[in-house]
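[1] next one to model:
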Amino acid sequence: MLLRPEQLAAHLDKTLQPLYVLHGNDPLLTIEAGDALRAAARRQGYDERKVLVVTPSFRWDELFHAAGNLSLFGGRTLVDLRIPTGKPGRDGGEALQRYCRNLPADTLTLITLPEMDWKAKKAAWFAMLAEAGVAIECNAPPLAQLPQWIARRLAAQQQSAPPEALEFIALHVEGNLLAAHQEIQKLGLLHPPGALTLAQVSAAVLNVARYDIDDLRAALQTRDTARCARTLEGLKAEEAAPPLVLWTLTMEARTRALRPALLHAARIDRIIKGLAAGDLWDEFLQLSLRLTRA
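    Sure, this is the predicted structure:
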């Protein structure tokens with residue numbers, strides 16, 4: 001079975017198939033499809049997950065071992081197999097074909113590949129994967145279709161924009177879906193649900209504070225405390241949108257899975273919404289210090 005990324009959500013409302021194959025040229029679509037599949041697997045009782053990454057030293061009997069072992073929790077197992085090069089080699093190709101001929105019971109297998117060219121798609125192992133399971137090609141839409149893709153993403157956060165605004169975003173991100181995703185999220189933070197104007201969209205996309213947000217992100221990643229403090233002062237002076245600043249800090253905390261920082265971010269969110277008292281920008285500074293010193 002072949003699916004497009006936009007068809008996946010409806011498919012996941014049904015009983016899951018035993019095998020899924022993700023491949024394509026866009027990292028954002030691949031990550032989102034993988035996350036959606038893993039979440040659906042958890043909802044349907046696949047309580048244990050085993051991640052396998054194919055490296056030059058990978059032994060293919062590990063795949064059969066992972067699928068054959070009973071779950072420690074008495075439930076079902078998700079085998080998350082990743083082949084970064086898209087080239088399993090002769091032994092791997094034969095192992096994958098063998099695996100497809102007898103898919104294990106109570107096991108959901110997710111195989112993630114990069115973009116596969118026409119020659120790779122004709123390989124026997126890939127053809128068998130696509131035939132035995134559900135293949136999802138995660139390719140970025142052509143530039144001409146990108147405005148429609150942006151419109152669907154805006155609709156998912158209960159926003160809309162006129163065609164000229166959608167075209168403006170598409171031209172600005174130059175086909176980069178991750179950049180488009182970030183601009184769409186920014187619009188969700190800056191504006192309430194409803195119709196957006198071209199002026200609102202262009203102001204958000206071209207806002208000079210965007211580069212300060214990038215500076216804040218870079219300072220967090222390099223753990224440069226002084227730079228974080230200076231950047232926050234600049235954002236405060238420019239009256240940057242607090243939700244956008246909080247989003248940047250929260251994303252860094254999530255990347256490193258820092259629970260105290262995430263709890264701190266939740267408290268700041270309550271301050272922004274008027275549900276708690278506190279000095280907002282001082283809280284931003286304290287959270288950035290927590291992140292740079294973690």
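[2] what's downstream of the lengthiest helix in the chain, the next helix or strand?
    Criterion DSSP state H: the longest helix present in the chain is helix 27-43. Under the assignment DSSP states H and E, the closest C-terminal helix or strand after helix 27-43 is strand 48-53.
[3] what are the contacting residues of the next helix or strand after that next one?
    Per DSSP H and E, the first helix or strand lying C-terminal to strand 48-53 is helix 61-68. Identification of contacts with helix 61-68 by CB atoms under 8 Å, 6 or more residues apart in numbering yields 50, 52, 77, 79, 81, 95, 99, 104, 107, 109. Backbone N, C-alpha and C define where each C-beta goes, glycine included.
[4] skipping its backbone neighbours, what lies nearest Gln158 in space?
    Residue nearest to Gln158 in three dimensions, not counting chain neighbours: Pro193, with 3.6 Å by CB to CB, 6 or more residues apart in numbering.
[5] how many other residues sit next to that neighbour?
    11 (other CB atoms under 10 Å).
[6] and it, what is it in contact with?
    By CB under 8 Å, 6+ apart, the contact list for Pro193 reads 157-159.
[7] now do the worst-scoring helix or strand of the chain on mean pLDDT: which elements does it pack against?
    Ranked by mean pLDDT, DSSP states H and E, the weakest helix or strand in the chain is helix 209-222, scoring a mean of 78. Contact partners of helix 209-222 among helices and strands, from 3 or more CB pairs under 8 Å, 6 or more residues apart in numbering; DSSP states H and E: helix 225-237, helix 242-255, helix 280-293.
[8] so for the helix or strand following the second one, what gets flagged as buried?
    By that I understand helix 242-255. Once the chain leaves helix 242-255, the next helix or strand it forms, by DSSP H and E, is helix 259-272. Neighbour-count burial for helix 259-272, counted by 16 or more other CB atoms under 10 Å, picks out 261, 264-265, 268-269, 271-272.
[9] most neighbours among the contacts of Pro193, which one?
    Among the contacts of Pro193, the one with the most neighbours (other CB under 10 Å) is Gln159, at 20 neighbours.
[10] who's in contact with that residue?
    Here Gln159 is in contact with 187-188, 191, 193-196 (criterion: CB under 8 Å, 6+ apart).
[11] let's see that with 10 Å instead.
    Residues near Gln159 by CB atoms under 10 Å, 6 or more residues apart in numbering: 151, 153, 184, 187-188, 191-196, 200-201.
[12] now Thr292
    219-229, 252.
[13] what does Ala265 give?
    246-247, 249-254, 258, 283-284, 287, 290-291.
[14] now render those residues as JSON lines, adding neighbour count and pLDDT.
    As requested, these are exported to JSON lines (neighbours: other CB atoms under 10 Å; pLDDT from 0 to 100):
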{"residue": "Leu246", "neighbour count": "21", "pLDDT": "91"}
{"residue": "Trp247", "neighbour count": "19", "pLDDT": "88"}
{"residue": "Leu249", "neighbour count": "25", "pLDDT": "93"}
{"residue": "Thr250", "neighbour count": "20", "pLDDT": "92"}
{"residue": "Met251", "neighbour count": "14", "pLDDT": "88"}
{"residue": "Glu252", "neighbour count": "22", "pLDDT": "89"}
{"residue": "Ala253", "neighbour count": "21", "pLDDT": "90"}
{"residue": "Arg254", "neighbour count": "12", "pLDDT": "88"}
{"residue": "Leu258", "neighbour count": "16", "pLDDT": "88"}
{"residue": "Glu283", "neighbour count": "20", "pLDDT": "95"}
{"residue": "Phe284", "neighbour count": "25", "pLDDT": "95"}
{"residue": "Leu287", "neighbour count": "26", "pLDDT": "95"}
{"residue": "Arg290", "neighbour count": "16", "pLDDT": "91"}
{"residue": "Leu291", "neighbour count": "24", "pLDDT": "93"}
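[15] who does the residue lying closest to Met116 once chain neighbours are set aside bridge with?
    Leaving aside its sequence neighbours, Met116 sits nearest to His23 (CB to CB, 6+ apart; 5.0 Å). Assessed by DSSP bridges, His23 has beta-bridge partners Glu137.
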